[in-house]
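A.B. asks: Fold the following.
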Amino acid sequence: MEVMKFFATTDYDGKSDKYDPHLDIDELEGIYCYELQYPTVFQQHCGYSLKTIGKQMFMRPGTQCGFLLQMEQGVDLKTLPKVTSVYFRHNLVVSEEIFRKSKNGEEYFATDILQMA
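C.D. replies: Numbers count the residues shown, from 1 in each chain. This next block holds a predicted model:
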């Protein structure tokens, strides 16, 4: 849940490769949540399936693993039975608090030892 809140309340800057708190409080945003229902969570469903990502050749910290919802063309995410949506308006104080609690996002992006080489 904390990771979802972080990405929902920050903006990514590709040039600087960093996240900052979202400042536009007038925007209405939405988050789509996919419910993991075991034991069938990784089985192929009609037009979509959940896959793991982050299993590269080199060892990676657990914070860099994730999931990919692979969907066939034409499948609408919003209509899937395991997907719920949450809509909210941004709040600058809340965005900054979530950003600060995640140590400016560093909590979710571990240091890559290969970049240091």
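A.B. asks: tell me the SS of residue 103?
C.D. replies: Recorded secondary structure, residue 103: coil (DSSP: H, G, I helix; E, B strand; the rest coil).
A.B. asks: And the pLDDT at it?
C.D. replies: We note a pLDDT of 92 for residue 103 in this prediction.
A.B. asks: Residue 32 contacts residue 77, correct?
C.D. replies: Yes. With contact defined as CB atoms under 8 Å, residue 32 counts as touching residue 77 (5.9 Å). (Each C-beta comes from the backbone N, C-alpha and C, glycine too.)
A.B. asks: overlap in contacts of the two?
C.D. replies: residue 83 (CB atoms under 8 Å, 6 or more residues apart in numbering).
A.B. asks: ok, how many other residues are close to residue 31?
C.D. replies: 13 (other CB atoms under 10 Å).
A.B. asks: Assess the claim that it and residue 6 are in contact.
C.D. replies: No. Using CB under 8 Å, residue 31 is not in contact with residue 6, being 11.4 Å away.
A.B. asks: Could I get the average pLDDT for the one helix or strand residue 29 maps to?
C.D. replies: Per DSSP states H and E, residue 29 falls inside strand 28-34. Across strand 28-34, the average pLDDT comes to 85.
A.B. asks: Check the offset of it from the chain's centre.
C.D. replies: Distance of strand 28-34 from the chain centroid (CA atoms, centre = their mean, to the nearest Å) equals 11 Å.
A.B. asks: and it, what other elements does it pack with?
C.D. replies: Packing partners of strand 28-34 (3 or more CB pairs under 8 Å, 6 or more residues apart in numbering; DSSP states H and E): helix 2-8, strand 83-89.
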